[in-house]
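Visitor: Everything below, folded, please.
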Amino acid sequence: MKRFLAFFAGGVILVLAALGWYLWIPGTVPSGQAPLVFLSSNNFHQLQTEFNEAPGNVRIVLLLSPT
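Guide: Coordinates of the predicted model:
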């Protein structure tokens, strides 16, 4: 029983470490592409400006909600 609990605790720690790494390590983009930006009310004008600068191109805005 102790061995099972040790493996279970080790697995939980491993999953939490992987989740932490995934959430806190910044993503990367291919060369030539603009860096990733976290959208907020402070920088929303930047998105609006870049969106409006390309009227001849296909533009897609995808908003995802966790609910």
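
Visitor: all helices of this protein, in order?
Guide: Counting by DSSP state H, the chain has helices at residues 2-24, 44-52.

Visitor: so how far is stretch 43-62 off the chain centroid?
Guide: Centroid separation between stretch 43-62 and its chain, computed with Cα atoms, centre = their mean, to the nearest Å, is 20 Å.

Visitor: mind checking pLDDT for the nearest residue to Val61 once chain neighbours are set aside?
Guide: Using Cβ to Cβ, 6 or more residues apart in numbering and skipping residues adjacent in sequence, the residue nearest Val61 is Phe51, 7.2 Å away. The way it works is simple: take the backbone N, C-alpha and C, and place the C-beta from them, glycine included. pLDDT recorded at Phe51 is 85.

Visitor: try the one 10 residues further on
Guide: At Val61, the model reports a pLDDT of 81.

Visitor: Repeat that for the one 3 residues further on.
Guide: Here the pLDDT value assigned to Leu64 is 83.

Visitor: neighbours around it, how many?
Guide: 4 (other Cβ atoms under 10 Å).

Visitor: Tell me how far it lies from Ala17.
Guide: 25 Å (Cβ to Cβ, to the nearest Å).

Visitor: Now do Ala17, the pLDDT please.
Guide: 93.

Visitor: Tell me which residues are up against stretch 18-28.
Guide: Stretch 18-28 is contacted from outside by Leu36, using Cβ atoms under 8 Å, 6 or more residues apart in numbering.

Visitor: Tabulate the CA atom coordinates of that stretch in CSV.
Guide: Only the C-alpha atoms of stretch 18-28 are listed here, as CSV (Å, rounded to 0.1, in the frame of the first residue of the first chain):
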residue,chain,number,x,y,z
ALA,A,18,4.3,19.6,-16.3
LEU,A,19,1.2,21.8,-15.9
GLY,A,20,3.3,24.5,-14.3
TRP,A,21,5.9,24.3,-17.1
TYR,A,22,3.2,24.5,-19.7
LEU,A,23,1.5,27.6,-18.2
TRP,A,24,4.6,29.6,-17.2
ILE,A,25,7.0,29.0,-20.1
PRO,A,26,6.1,31.5,-22.9
GLY,A,27,5.1,30.1,-26.3
THR,A,28,7.3,30.5,-29.4
